[in-house]
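>>> What would the 3D arrangement of this be:
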Amino acid sequence: GGYDGKERTIYVSLIDLAGNVRQTTVKYRVAITHKLTYNSNGGSTCNPTTKSITHNVGDNTKWGTLCAPTKKGYTFSGWDGSVPTAMPAENVTITASWNINSYTVNFLDAEDSVFESFTLEYNAEIAAPAGEPTKAHYTFEGWSLTKITEILNPDDLADVALIDFENAAPKVPVDGITIY
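Alright, predicted model coming up:
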């Protein structure tokens with residue numbers, strides 16, 4: 001009956017050339033194949049997306065090497081807790097688990113000193129610091145993603161894009177960000 005990987009027993013009678021009957025028992029298994037399917041949970045697709053494993057029920061067949069997907073702004077922490085140590089007698093889907101990464105956001109003043117620094121999770125909305133940096137004979141106009149090295153004419157400030165933290169705050173990118 002069927003290809004279920006269970007042990008089978010057959011009884012065989014052998015007759016030799018002299019006419020003697022000898023009986024023996026033969027035990028065997030019919031291998032079965034099940035699939036391991038990867039759900040990368042928003043991460044990169046595993047290639048292949050399924051892994052076929054041929055085994056006998058109860059023989060403790062191991063998975064072999066599992067896929068390790070990637071996801072921008074996250075660290076792969078493994079497969080969900082339901083991954084059996086050996087292939088069961090059924091198809092299995094495993095799901096990737098992720099830890100969100102944190103990055104540094106630095107606000108630099110006119111002298112390139114850190115005015116304020118935050119550690120935020122990937123893609124978190126960045127808020128402006130509570131205070132403003134000061135510099136003698138200058139008026140603070142706002143924060144920019146572009147470093148201003150020298151402005152000889154105040155009208156040149158029109159070309160510098162200041163960050164609108166209330167309506168379009170930037171998000172934390174991979175590797176952090178420096179705001180001037």
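>>> where are the low-confidence patches of this structure?
Scanning the chain for pLDDT under 70 picks out 1-7, 29, 56-61, 81-82, 148-160.
>>> change it to 50
1-2 (pLDDT under 50).
>>> All the strands of it, in order from the start?
Secondary structure of the chain, counting by DSSP state E: strands at 7-15, 21-29, 32-39, 50-55, 74-79, 92-100, 102-108, 114-121, 177-179.
>>> So what sits opposite the residue nearest the centre of the chain in the bridge?
Compute the mean C-alpha point of the chain, and by Cα atoms, centre = their mean the closest residue is F76, 3.7 Å away. Judged by DSSP bridges, the bridge partners of F76 are W98.
>>> Over to Y103?
Y103 forms beta bridges with L120, as assigned by DSSP bridges.
>>> any idea how far N39 is from it?
Separation of Y103 from N39 (Cβ to Cβ, to the nearest Å) stands at 27 Å. In short, each C-beta sits where N, CA and C put it, glycine included.
>>> now swap in A168 and tell me
Distance of A168 to N39, computed by Cβ to Cβ: 34 Å.
>>> what about the two, which has more around it?
The residue with more neighbours, out of A168 and N39, is N39; 15 against 8, by other Cβ atoms under 10 Å.
>>> Identify the residues contacting the nearest residue to that one once chain neighbours are set aside.
Nearest non-adjacent residue to N39, counting by Cβ to Cβ, 6 or more residues apart in numbering: T95, 4.3 Å away. Residues near T95 by Cβ atoms under 8 Å, 6 or more residues apart in numbering: N39, N41, W79, D80.
>>> Then Y138?
Taking Cβ under 8 Å, 6+ apart, we find Y138 in contact with A110.
>>> If anything else comes up later, I'll come back, but that's it for now.
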